[in-house]
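Undergrad: this one's sequence-less:
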């Protein structure tokens, strides 16, 4: 397999070895380990900027394509079929070999369902390296460009001048947004509002 030489050890074990012999500790969740391995590999290949751009594009693809989300989230598809189908989608959207090989490893290790989490972990790592604050935004449906601009403006007003927004679609939120920046959580989701209403009604009973 073409990606085996570069990604040997990326199997959720105690350590990860990227190309050039770079070893990354397995501390943290597995999505962080995959993100760290990709970051190190891209750096070894002097392709970090290109990989960062492609990971951002991959995140947008996952958010915008319901068919692709169904593919990566399905627990019923055979590993080989899922990898082949994922390759076909990536090729159709013009992704390069490094990103393609990485997704192939993720698929082989049965981690496709966590692909968006890995994308977000990678973006957070890049932001940390560049001194940018990361805001995790969860919404019931993909947010629009206008909503994104409004959110960014609100964050600037709140004192977050250099912010990287990472988006996650969580249909069970029903509506509204959940924004997390470090230890701070801003929850305006409809799900949370309904829960608060339910608790209030119980207290009044």
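TA: The structure has been received and is ready for your questions. Because the structure is predicted, anything quoted here is derived from the model rather than measured. Numbering: from 1, shown residues only.
Undergrad: what are the contacting residues of stretch 163-181?
TA: 59, 63, 69, 116, 120, 123-124, 126-127, 132-143, 148, 151-152, 155-156, 160, 185-194 (Cβ atoms under 8 Å, 6 or more residues apart in numbering). The C-beta positions use only the backbone N, C-alpha and C, and glycine is treated the same way.
Undergrad: just the buried residues of those.
TA: Buried members of the contacts of stretch 163-181, counted by 16 or more other Cβ atoms under 10 Å: 59, 63, 69, 116, 120, 123-124, 126-127, 132-140, 143, 151, 155, 160, 187, 189, 191.
Undergrad: so which of those are in strands?
TA: 133, 134, 135, 136, 137, 138, 139, 187 (DSSP state E).
Undergrad: ok, the fourth one touching residue 120?
TA: Yes: under the criterion of Cβ atoms under 8 Å, residue 136 is in contact with residue 120, at a separation of 7.1 Å.
Undergrad: doesn't residue 200 belong to a helix?
TA: Yes: counting by DSSP: H, G, I helix; E, B strand; the rest coil, residue 200 is located in a helix.
Undergrad: and the residue nearest to residue 132 when sequence neighbours are not counted, its phi and psi?
TA: With sequence-adjacent residues excluded and distances taken as Cβ to Cβ, 6 or more residues apart in numbering, residue 132 is closest to residue 164, at 4.7 Å. Backbone torsions of residue 164, given as degrees, to the nearest 10, read phi -110, psi 120.
Undergrad: fine, thanks again, bye for now.
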